[in-house]
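>>> Sequence first, predicted model second:
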There are 2 protein chains.
Amino acid sequence: MKHDPALSGKLIDGKGVARRLTDRVKADVESLREEHGVVPGLAVVLVGNDPASEVYVKNKAIQTHRAGMRSFMHMLPETAEQDELLDLIALLNANPRIHGILVQLPLPAHLDPIVVTNAIAPHKDVDGLGEVNAGRLSLGIPGLVPCTPLGCLMLLQETLPTLRGLNAVVIGASNLVGKPMAQLLLREGCTVSVGHIDTKDPRALAREGDILVVATGKTGLVRGDWIKPGATVIDVGITRIALPDGKTRLAGDVVFDEALPLAGHITPVPGGVGPMTIACLLHNTLQAARIYLNGQSS
Amino acid sequence: MKHDPALSGKLIDGKGVARRLTDRVKADVESLREEHGVVPGLAVVLVGNDPASEVYVKNKAIQTHRAGMRSFMHMLPETAEQDELLDLIALLNANPRIHGILVQLPLPAHLDPIVVTNAIAPHKDVDGLGEVNAGRLSLGIPGLVPCTPLGCLMLLQETLPTLRGLNAVVIGASNLVGKPMAQLLLREGCTVSVGHIDTKDPRALAREGDILVVATGKTGLVRGDWIKPGATVIDVGITRIALPDGKTRLAGDVVFDEALPLAGHITPVPGGVGPMTIACLLHNTLQAARIYLNGQSS
């Protein structure tokens, strides 16, 4: 990625923000241990042998451990039955050393991700993907918020003095990112619009956004003329693409070189949203341990 | 309300749609009784002596009874403690003759509406206001949907051949109407924007709406120049206002006489959204009885 160094003040440093958040979590984990004798614990469950998922869960385990937390990994074979997985989740729900539970998605096709996700106790649902936490987010009740949109929100809060009253446009309406992102932005007082595959003129919609969050998984969907001049652009997309010379590189949903001159601030890919997701997982695990502690003392 | 009779084809007949829905519910209740021996039952709980709430719950009880369902009313004094209310809800949750439970809002200030609403078993939460049903709506999982936005959606479906791809603008972001309305419209494939008290230019936002749903409780907020020509306008607001001659009338959030010439279709106030809310409550109670029946047979 080459660009005018004068423009680099526009880059949102996801790596840096994530590192500072991780450091804060680590310090808080230390205090929690010293003051209350509680060490936050995260259990990550992987079903099957998807290589990308294996890399993700290993990274999560390492980062958790580095932050001073207990880290548990449970790997089930591709053929695991749903009942076996639900039994495991029930054990993890009952285990007082485990404060957060994460089942890596996607699951093999014979398992129902909705049933499995909802089997995680809401106060241990650190991915925030179960119906109770989704409802709490929608209703504005405190709960565990999905990591990627939470990370996007933190980047916006680092970048902008206030979000209240800004026009925010979210492109992509997934349960994982787009929908919770829209609800978070609404909670912060933004006027929020959500576009998706059925949106007739997504470019016109995007151009209304003082904030533009793109989470479609379609590499290069968002061109320069989708960007409102001065907008803050958060690119959630991350896809490995092949280059003509046989090498590969990571690319986002936004054509970065076209968007950079127009955007007020923009996340790079990689180094933007990506590092925030795992930092927010650590943050949520710490939150879950605090919820546990409050439940103990009340 | 006076207007050119040639324009009356524009009026969305909420009363008529609600009557047909109520008739369908009544017929289905009859079948359910004959085929499965189950009579749907709705329990309405009122705390305190708010006169408007008393009228609402009485109306709900009468309509429930007329639809062939069992109707139960529980009236607690203004001074009732939260534990007393929670104990009552626990009894109603456990009662197999009761399929739907509704606690009339607003509650007296010393009671926590979030705790009370979430105490209702999700499968009996016919107002759809608990965190589990809110989460299901957000995630696109089947559940019980709040009555007023469900009624608005039905009116839109009666009026428009399809909602997919239309620009829908919701003014008002309450948990009761605005937020669930936005989620329903998103589920139907609309591009959805939500405006509220912090929206800088709500008129410009509203004018983008092929569909405009207004639920702010601010009488006469939406003027003619907020309406995109040809738009379908759903006015959820209903406030009794005093007239110069000392009489009163009901008014919506939309200035009806200004909007009528521009709108493609518009709900009157009264006779638009109002009758749908109670019809949808009956519909939800029937749904809850079916959920109960499926739980019995599985």
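Yes, it's here. Since we're looking at a predicted model, the values are computed, not measured.

>>> Would you mind listing what in chain A touches chain B?
Contacts of chain A with chain B, taken as Cβ under 8 Å from any Cβ of the partner chain, map to A:114, A:130-141, A:143, A:164-165, A:167, A:173, A:175, A:179-180, A:183, A:186, A:189-196, A:198-200, A:205. Bear in mind the C-beta positions are built from the backbone N, C-alpha and C, glycine included.

>>> mind redoing it with 7 Å?
A:114, A:131-132, A:134-136, A:138-139, A:141, A:164-165, A:173, A:175, A:179, A:186, A:189, A:191-195, A:198-200, A:205 (Cβ under 7 Å from any Cβ of the partner chain).

>>> where along the stretch 1-150 of chain A do the helices fall?
Assigned by DSSP state H, counting those that start in this stretch, the helices in the stretch 1-150 of chain A fall at A:14-36, A:51-66, A:82-94, A:113-119, A:131-139, A:147-159.

>>> Centre of the chain to the longest one, how far?
Using Cα atoms, centre = their mean, to the nearest Å, the mean C-alpha position of helix A:14-36 is found 18 Å from that of the whole chain.

>>> For the helices of the stretch 1-150 of chain A, state which one has the densest average packing.
Counting by mean count of other Cβ atoms under 10 Å in any protein chain shown, helix A:131-139 has the highest mean neighbour count of the helices of the stretch 1-150 of chain A, with a mean of 26.

>>> helices or strands up against that helix?
helix A:178-187, helix B:131-139 (3 or more Cβ pairs under 7 Å, 6 or more residues apart in numbering or on different chains; DSSP states H and E).

>>> and for it, what are the contacting residues?
A:118, A:122, A:125, A:142-145, A:180, A:183, B:131-136, B:138-139, B:141, B:175, B:179 (Cβ atoms under 7 Å, 6 or more residues apart in numbering or on different chains).

>>> mind redoing it with 6 Å?
With contact meaning Cβ atoms under 6 Å, 6 or more residues apart in numbering or on different chains, helix A:131-139 is reached by A:118, A:122, A:125, A:143-145, A:180, A:183, B:131-132, B:134-136, B:138-139, B:175, B:179.

>>> how about that helix as CSV, C-alpha atoms only?
The C-alpha coordinates for helix A:131-139 follow below in CSV (Å, rounded to 0.1, in the frame of the first residue of the first chain):
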residue,chain,number,x,y,z
GLU,A,131,-30.4,-13.9,21.5
VAL,A,132,-30.2,-12.5,25.1
ASN,A,133,-27.2,-10.3,24.4
ALA,A,134,-28.6,-9.3,21.0
GLY,A,135,-31.8,-8.3,22.7
ARG,A,136,-29.9,-6.4,25.4
LEU,A,137,-28.0,-4.5,22.7
SER,A,138,-31.2,-3.7,20.9
LEU,A,139,-33.0,-2.5,24.0
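
>>> pLDDT weak spots in chain A?
Residue ranges of chain A with pLDDT under 70: A:1-8, A:297-298.

>>> Name the single longest helix found in it.
helix A:273-297 (DSSP state H).

>>> now the angle from that one to helix A:51-66?
Here helix A:273-297 runs at an angle of 50 degrees relative to helix A:51-66 (axes from the mean of the first three to the mean of the last three Cα atoms, to 10 degrees).

>>> which strands and helices sit next to helix A:273-297?
Counting contacts by 3 or more Cβ pairs under 6 Å, 6 or more residues apart in numbering or on different chains; DSSP states H and E, helix A:273-297 packs against helix A:14-36, helix A:147-159.
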